[in-house]
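1. just need the structure, nothing else, for what follows:
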Amino acid sequence: MRYLSLLVLLFLASYASAQKNVIDKIIAVVGEEIVLKSDIENQFLHEQSQGLVNSSSDSRTRILENLLVQKLLVAQAKIDSITVTDTEVENALNSQLEQYVQHIGSRERLETYFGKSYEDIKNEMRTPLREQMITQRMQSKIVDNVRVTPSEVRYFYRKFNKDSLPEVPDKYEIQQIVIKPRISDTEKERIRNRLREFREEILAGKQTFNTLAVLYSEDPGSAAKGGELGYQTKSALAPAFAEAAFSLKPGRVSKIVETEFGFHILQYIDRQGDKVNVRHILLRPRISDEERQEAIQHLDTVLTYIHKGEATFEEAAAYFSMDKKTRNNGGLIFNEEDADSKLPRETIEGEMARQVNKLKVGEISSPFLDQTRTGEEYKVIKIKAYYPSNTANLDDDWISFENGLKSKKQQEVLDKW
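-> Reported below is the predicted structural model:
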């Protein structure tokens, strides 16, 4: 990409001279990939509508350069057999369009804004979005081996002009003890029987897996798509689910699988390398008021042990908490994106946020209900530490500087590529 700036200037000059006379024009060719005049204008209009650009040619130069980089990466991805599936594209496309609709108010307003039907908008977005996803996957491959050392992080920090260091928002370290309501054997058997009925109907050819998933699956992310999850790695799936998914044969339907999300049956669709694509039907057990009250009483008992000094919060978390990710760390919650235990205030949501706002450092909450993607959980939390807004420094914000340096090195690798 070292010659890219010169190429952009040459292509932009050609583009500008022909802009008034051509409805659409090929501005650049990268391998088998092309950049059209309409690609530049559509992106320019999109950014202009967001207040991100003005009418200067510099904006179009930047857009063209970004598009050329994207086309280069897409061309290389073809050589390296890096792809995204139709399902992955459709999932991302539907999600992005839903965000647009929520932002603008309705599908009708979206159609008015773009001056075309919803389906036309969707069809025009599909190819650019696919290329964007392929680009991101190719970039990930290029920078996969980038690492940073502690000495590099310290040197990176020392190079900062201290007056230019950013302000870091309030952060908390939070510990939790989680109790999940006990599901009765009767309710579990009811769910299993229902899934057995589904499986028998599918195997007998009385119903399709897709239809039953649309009608009955309680996974909001996949039900509307006939239960299809798209290509997933083993590590991205719950262990029991992954074991079933990767052992299925083409067209086969699994036996019932129990995970932290509920009970499932799976149907094999396809496999590509270390990824598998399956459909699933998820049913969640119903929780009775009695079982909810039992969970609260369990937490009250745990709190009594702590307040009487019979156990520390950390000991109680290790012994009683049902959350596998935190119980062995004294209940300490980590941000899954960067593995940092210091959680910015704005990332704490729902009932957890309301509880945090009521507590001081060292205080423990009363039991409360937290709705998570795995279902109902009852929790008590403790504020382990509070970090008020401050100028970024290495002692308090090591992970932020480490991630910043890693991003910088990754960009340098991409630029050299």
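2. pretty sure Ser400 contacts Asn390?
-> No. The pair formed by Ser400 and Asn390 falls short of the contact definition of C-beta atoms under 8 Å, at 11.9 Å. C-beta: built from backbone N, CA, C; applies to glycine.
3. joint contacts of those two?
-> Between them, Ser400 and Asn390 share these contacting residues under C-beta atoms under 8 Å, 6 or more residues apart in numbering: Val168.
4. the more surrounded of the two?
-> Ser400 (17 against 14; other C-beta atoms under 10 Å).
5. residues in contact with the nearest residue in space to that one that is not next to it in sequence?
-> Taking C-beta to C-beta, 6 or more residues apart in numbering as the measure, Ser400 lies nearest to Ala392, with 6.5 Å between them; neighbours along the chain are not counted. Contacts here follow C-beta under 8 Å, 6+ apart; on that basis Ala392 touches Leu165, Pro166, Glu167, Val168, Ser400, Phe401.
6. just say helix, strand or coil for the residue nearest the centre of the chain.
-> In the chain, the residue lying closest to the centroid (C-alpha atoms, centre = their mean) is Glu337, at 9.2 Å. Remark: Glu337 carries the secondary structure label coil [criterion: DSSP: H, G, I helix; E, B strand; the rest coil].
7. ok, and what's touching the longest helix seen in the chain?
-> The residue-count maximum for a helix in the chain (DSSP state H) belongs to helix 118-142. Judged by C-beta under 8 Å, 6+ apart, the contacts made with helix 118-142 from elsewhere in the structure are 39, 42, 69-71, 73-74, 76-77, 80, 82-84, 88-89, 92-93, 96-97, 107, 110-111, 114, 116, 413-414, 417.
8. what residues sit buried inside that helix?
-> Of the residues in helix 118-142, those buried by neighbour count under the rule 16 or more other C-beta atoms under 10 Å are 121-122, 125, 129-135, 137-139, 142.
9. what of stretch 365-374?
-> For stretch 365-374, the neighbour count (16+ other C-beta under 10 Å) marks Ser365, Pro367, Phe368, Asp370 as buried.
10. one more: stretch 348-355?
-> The neighbour-count check on stretch 348-355 (16+ other C-beta under 10 Å) flags Ile348, Met352, Gln355 as buried.
11. next SSE after the lengthiest strand in the chain?
-> Of all the segments of type strand in the chain, defined by DSSP state E, the longest one is strand 375-387. Where DSSP states H and E defines the elements, the next helix or strand beyond strand 375-387 is strand 390-391.
12. paired strands for that following strand, with orientation please.
-> Strand pairing for strand 390-391, determined by DSSP bridges: strand 167-168 (antiparallel).
13. and the angle for the first helix or strand past the strand it pairs with going along the chain with strand 375-387?
-> On the C-terminal side of strand 167-168, the closest following helix or strand by DSSP H and E is strand 171-179. Regarding strand 171-179 and strand 375-387, their directions subtend 150 degrees when assessed with axes from the mean of the first three to the mean of the last three C-alpha atoms, to 10 degrees.
14. which residues touch strand 171-179?
-> The contact list for strand 171-179 (C-beta under 8 Å, 6+ apart) reads 295, 298-299, 302, 313-314, 316-317, 320-323, 326-327, 330-333, 341-345, 348, 352, 356, 377-387.
15. same question for stretch 96-104.
-> Arg107, Leu110, Tyr113, Tyr118, Ile121, Lys122, Met125, Leu129.
16. so which bits of it are buried?
-> Residues of stretch 96-104 classed as buried: Leu97, Tyr100 (neighbour count, 16+ other C-beta under 10 Å).
17. any idea of the mean pLDDT in that stretch?
-> Summarised as a single mean, pLDDT over stretch 96-104 is 74.
18. and what of stretch 363-382?
-> Throughout stretch 363-382, pLDDT has a mean value of 90.
19. from here on, count from 53
-> Let's use 53 as the start, then, which means that last one is stretch 415-434.
20. that one: end-to-end distance?
-> Using C-alpha to C-alpha, to the nearest Å, the end-to-end distance of stretch 415-434 comes to 6 Å.
21. for stretch 252-267, same thing?
-> With C-alpha to C-alpha as the measure, the ends of stretch 252-267 fall 16 Å from one another.
22. where does this structure dip in pLDDT?
-> Within the chain, the stretches falling below the threshold (pLDDT under 70) are 53-76, 83-84, 93-94, 97-109.
23. could you pull out the helices for it?
-> Counting by DSSP H, the chain has helices at residues 56-70, 89-101, 109-131, 138-156, 159-166, 170-194, 202-210, 237-255, 261-268, 291-299, 341-359, 365-372, 402-410, 450-468.
24. TSV please, covering these and showing distance to Ile231.
-> TSV is the format used below for those (distance: least, C-beta to C-beta, whole Å):
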stretch	distance to Ile231
helix 56-70	57
helix 89-101	48
helix 109-131	47
helix 138-156	33
helix 159-166	42
helix 170-194	38
helix 202-210	39
helix 237-255	17
helix 261-268	29
helix 291-299	21
helix 341-359	5
helix 365-372	7
helix 402-410	15
helix 450-468	30
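25. quick one: distance of stretch 350-361 to the chain centre.
-> 36 Å (C-alpha atoms, centre = their mean, to the nearest Å).
26. quick one: residues in contact with that stretch.
-> 229, 231, 363-365, 368, 372, 416, 418-419, 430-432.
27. no further questions, thank you.
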